[in-house]
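Visitor: Just need the structure, nothing else, for what follows:
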Amino acid sequence: MNYQGDQIPIRPDLLQAQNEAWERLGTAGTWWTAQERLAIASECRKAHSCELCRKRKAALSPYGVPGRHSGSGPLAEVYVDAVHRIVTDPGRLTESWLDSLRAEGLEDERYVELIGVVITTVSTDTFHRALDLPVAELPSPSPGEPSRRRPADARRDVAWVPLVSPEDGLREVYGGHSHVPYVRQALSLVPDEVHNLDRIEQAYYLPFDIVARPDVDSGRQLTRTQIELLAARVSYLNDCFY
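Guide: Residues are numbered from 1 along each chain as shown. Below you'll find the model as predicted:
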């Protein structure tokens, strides 16, 4: 991605963050192979034209609409359902829904990494659509096997999935940054996804060291007030309960 010839200039740090996150889709993760990570990214795009997702979104409750998602691929149906629901109807996800997927074989570690892949894909595709550009081609898969490293200090207590507290993982998981809200902790079962989220978040939103300092100039074209107003409005429109 270089956006050469486009009318809107793109900040170099934003372009770098996008490219690093995008190329990472095609490499082996912690629990998924490169081919599987790319399959997750592909399902993100299929979800927008999925007939089952459309019917569930229009229903009073998505749980009353049975069926199978459109398309086929290498992912088990339980993970396809997770991707499609996260992409198309995140505001109505519940802990009981996640428990039902666990009963069908969903593993927390794979689920958390799946969310990380969804974040990269949806945020990048949305950026392209906002600039009226075609979405980027998915990268080619690279060889390699998942590391399968699970943080020893991950515990399930305050969230639907196990988390690593700032006290237990400030350096290893959170890179020494003391700004560790729950939105960062959410992916801590798979530390590499936290690091990827950090890269994206600081490019799209704000550097960690000024998030809690509204008086500091962000260096963005929008003022801090405008940034927060847009963030709040988008969160509301997406039924973000966080």
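
Visitor: how far away is residue 141 from residue 39?
Guide: Distance of residue 141 to residue 39, computed by C-beta to C-beta, to the nearest Å: 10 Å. Heads up, the C-betas are built off the backbone N, CA and C, glycines and all.

Visitor: for the protein, what helix or strand is lowest in average pLDDT?
Guide: helix 208-211 (a mean of 89; mean pLDDT, DSSP states H and E).

Visitor: neighbouring contacts of the helix or strand that comes right after that one?
Guide: Remark: after helix 208-211, the chain's next helix or strand is helix 224-237, criterion DSSP states H and E. Helix 224-237 is contacted from outside by 205, 206, 214, 218, 220, 222, 242, using C-beta atoms under 8 Å, 6 or more residues apart in numbering.

Visitor: rerun that using 10 Å as the cut-off
Guide: Outside helix 224-237, the residues that touch it by C-beta atoms under 10 Å, 6 or more residues apart in numbering are 91, 126, 205-206, 210, 213-218, 220-223, 240-242.

Visitor: give me the low-pLDDT residue ranges for the chain?
Guide: For the chain, the stretches with pLDDT under 70 are 4-6, 242.

Visitor: Which parts of it are helices?
Guide: Using DSSP state H, the helices of the chain run over 12-24, 34-47, 51-58, 77-88, 95-103, 108-130, 166-169, 182-185, 191-204, 208-211, 224-237.

Visitor: Now find how far off-centre the fifth one is within its chain.
Guide: Right, the one you point to is helix 95-103. Averaged C-alpha coordinates place helix 95-103 at 19 Å from its chain's average position (C-alpha atoms, centre = their mean, to the nearest Å).

Visitor: separation between the residue lying closest to residue 206 once chain neighbours are set aside and residue 18?
Guide: Distances taken as C-beta to C-beta, 6 or more residues apart in numbering place residue 218 nearest to residue 206, at 5.6 Å, with adjacent residues excluded. If you measure residue 218 against residue 18 using C-beta to C-beta, the figure is 19 Å.

Visitor: between the two, who's got more neighbours?
Guide: Taking other C-beta atoms under 10 Å, residue 218 and residue 18 do not tie; residue 18 has more neighbours (23 against 16).

Visitor: give the contact list for that one.
Guide: 1, 3, 10, 120, 123-124, 127-128, 136, 199-200, 203-204.

Visitor: circling back to that earlier point, tell me the contacts of the residue nearest to residue 206?
Guide: Counted by C-beta under 10 Å, 6+ apart, residue 218 has contacts 205, 206, 207, 210, 211, 224, 227.

Visitor: and the gap between the second one and residue 17?
Guide: The reference is to residue 206. 13 Å.

Visitor: Tabulate the contacts of residue 18 (a markdown table), appending distance to residue 104.
Guide: Below are the contacts of residue 18 laid out as a markdown table (distance: C-beta to C-beta, whole Å):
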| residue | distance to residue 104 |
| --- | --- |
| 1 | 36 |
| 3 | 41 |
| 10 | 41 |
| 120 | 25 |
| 123 | 28 |
| 124 | 29 |
| 127 | 33 |
| 128 | 33 |
| 136 | 32 |
| 199 | 32 |
| 200 | 30 |
| 203 | 36 |
| 204 | 33 |
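
Visitor: Most neighbours among the residues you listed, please name it.
Guide: Highest neighbour count within those: residue 120, with 24 neighbours (other C-beta under 10 Å).

Visitor: if you skip the residues just before and after it, what's nearest to that one?
Guide: residue 21 (4.8 Å).

Visitor: gap between that neighbour and residue 192?
Guide: Separation of residue 21 from residue 192 (C-beta to C-beta) stands at 11 Å.

Visitor: Now the common contact residues for these two.
Guide: Contacts common to residue 21 and residue 192, judged by C-beta under 10 Å, 6+ apart, are residue 116.
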